[in-house]
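*Asks:* Give me the fold of what follows.
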Amino acid sequence: MLQLRHYSFELAFEFPFITAHGMKTQQPTLVTSLGLANLTGYGEAPAISYYGVSTEQMAALLEEKRGMIERYALTDPKRFWHFLHHLIPGQHFLIAALDIAGWDLFAQMRRMPLYRLLDITWGQTPLTDYTIGMDTPAEMVQKVKAHPWPIYKIKVGRPEDLDALIAIRANTTANLRVDANEGWTFDEAKALLPELQKLGVTLVEQPLPRDAHEEMKELKAISPLPLFADESCRTEDDVKKCAEGFHGINIKLTKCGGVTPGMRMIKEARSLGMKVMMGSMNECTIGTAAIANMLPLLDEVDADGPLLLKEDVATGLKYNNGIIQLSGGHGLGIKFAGRKVEKIIA
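*Replies:* Next up is the predicted model:
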């Protein structure tokens with residue numbers, strides 16, 4: 001019989017995290033664990049206010065469904081996801097935390113890292129970016145200087161976007177990508193994209209509101225830069241819809257419901273000729289380790305949650321100038337501390 005536990009944390013950011021959706025200084029997150037005999041698998045679901053998700057809501061739902069979850073016989077993580085999909089329909093964040101914990105536990109039972117259980121051959125992996133939240137151009141430059149990195153993701157969505165990017169480019173030769181988080185109009189995006197190309201920006205995430213499908217088709221046709229869907233691609237049902245308006249998708253395990261649907265989304269995106277990125281929702285090491293085990297399948301990755309957070313509740317990942325290194329342990333390869341610990345950056 002499975003043993004279900006959950007833990008809620010408020011993890012502080014190093015700098016206030018500002019996007020087009022607002023500002024926060026802490027990231028609430030729910031950690032779930034599934035125990036069997038002497039093994040324990042862990043998962044994570046960060047709470048995101050603009051998706052209407054809180055740790056309190058997720059914890060209450062877990063308690064309500066505890067009996068049915070604990071009686072589930074974990075013989076196949078994919079079947080476990082389908083069980084959760086019907087048990088708590090629409091609760092993608094919570095399903096993701098439980099799905100990740102199920103995969104972690106099952107891989108430990110098979111005595112192998114998660115990527116091997118997923119039949120992923122370890123090889124070339126993309127470098128993760130480091131996100132610079134919106135601020136004054138001067139403050140954004142200071143954040144860049146404080147964290148030398150090979151790739152930066154710059155949060156944009158304000159009139160001073162171009163000034164900030166010009167200032168950043170003047171202070172680094174690193175690759176730049178931008179994420180508008182739905183913050184531009186069509187006309188703003190049309191005017192900005194050529195300027196971003198001149199600054200050496202390599203890709204743009206979610207320039208327009210998530211439902212602006214027709215405008216995105218028009219923007220894709222004239223864009224000099226690759227456009228990646230984020231808010232427009234929340235779940236599996238969205239992948240095909242994004243094919244005409246975007247060059248690629250950014251898969252968030254938390255939004256889509258975990259590793260199980262994430263793997264299917266990668267396969268579908270490839271079948272449609274789309275690039276694949278996987279992104280962070282400010283997960284600590286637990287949720288980020290799930291992304292890290294899927295790195296060889298990705299073209300781009302934004303797995304910088306542990307870099308942005310001043311606090312963590314697990315160990316097991318190392319960062320070295322954009323390279324993410326796994327611990328080599330079974331499952332996710334992480335150790336849960338049950339308390340806030342310092343991040344590990346090589």
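
*Asks:* Give me the helices and strands touching the helix or strand encompassing residue 93, please.
*Replies:* In this structure, residue 93 is located in helix 92-109 according to DSSP states H and E. Helix 92-109 is packed against strand 22-36, strand 39-46, helix 55-70, helix 77-87, helix 114-117, helix 253-256, helix 259-271, helix 285-292, with contacts defined by 3 or more C-beta pairs under 8 Å, 6 or more residues apart in numbering; DSSP states H and E. In this view, the C-beta of every residue, glycine as well, is placed from N, C-alpha and C.

*Asks:* Could you dump the ones you listed into JSON lines and include mean pLDDT, mean neighbour count and distance to residue 159?
*Replies:* Formatted as JSON lines, the entries for those read as follows, by pLDDT from 0 to 100; neighbours: other C-beta atoms under 10 Å; distance: least, C-beta to C-beta, whole Å:
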{"stretch": "strand 22-36", "mean pLDDT": "96", "mean neighbour count": "19", "distance to residue 159": "17"}
{"stretch": "strand 39-46", "mean pLDDT": "98", "mean neighbour count": "26", "distance to residue 159": "29"}
{"stretch": "helix 55-70", "mean pLDDT": "98", "mean neighbour count": "15", "distance to residue 159": "35"}
{"stretch": "helix 77-87", "mean pLDDT": "98", "mean neighbour count": "18", "distance to residue 159": "42"}
{"stretch": "helix 114-117", "mean pLDDT": "98", "mean neighbour count": "21", "distance to residue 159": "43"}
{"stretch": "helix 253-256", "mean pLDDT": "98", "mean neighbour count": "28", "distance to residue 159": "28"}
{"stretch": "helix 259-271", "mean pLDDT": "98", "mean neighbour count": "20", "distance to residue 159": "33"}
{"stretch": "helix 285-292", "mean pLDDT": "98", "mean neighbour count": "29", "distance to residue 159": "33"}
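
*Asks:* Tabulate those (TSV), appending distance to residue 171.
*Replies:* Rendered in TSV, the data for the helices and strands packed on helix 92-109 read as follows (distance: least, C-beta to C-beta, whole Å):
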stretch	distance to residue 171
strand 22-36	23
strand 39-46	30
helix 55-70	37
helix 77-87	44
helix 114-117	36
helix 253-256	32
helix 259-271	34
helix 285-292	27
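
*Asks:* Tell me which of these lies nearest to residue 194.
*Replies:* helix 259-271 (26.8 Å; C-beta to C-beta).

*Asks:* What strands line up against whatever helix or strand comes next after that closest one, and which way round?
*Replies:* Elements were assigned by DSSP H and E; along the chain past helix 259-271, the next helix or strand is strand 275-279. Within its sheet, and counting by DSSP bridges, strand 275-279 is paired with strand 248-251 (parallel), strand 300-302 (parallel).

*Asks:* picking that back up, nearest to residue 216, out of the helices and strands packed on helix 92-109?
*Replies:* Comparison of the helices and strands packed on helix 92-109 against residue 216 by C-beta to C-beta identifies helix 259-271 as nearest, at 15.8 Å.

*Asks:* Next, the angle from that closest one to helix 92-109.
*Replies:* Here helix 259-271 points in a direction 100 degrees away from that of helix 92-109 (axes from the mean of the first three to the mean of the last three C-alpha atoms, to 10 degrees).

*Asks:* quick check: angle from helix 259-271 to helix 285-292?
*Replies:* Using the same axes, to 10 degrees: helix 259-271 against helix 285-292 is 30 degrees.

*Asks:* what's near enough to touch the spatially most central residue of the chain?
*Replies:* For the chain, residue 280 is the residue whose C-alpha lies nearest the centre (C-alpha atoms, centre = their mean; 2.2 Å). For residue 280, the residues meeting the contact criterion (C-beta atoms under 8 Å, 6 or more residues apart in numbering) are 131, 252, 287-288, 291, 302-305.

*Asks:* which one of the helices and strands packed on helix 92-109 lies closest to residue 181?
*Replies:* With C-beta to C-beta as the yardstick, what comes closest out of the helices and strands packed on helix 92-109 is strand 22-36 (9.9 Å).
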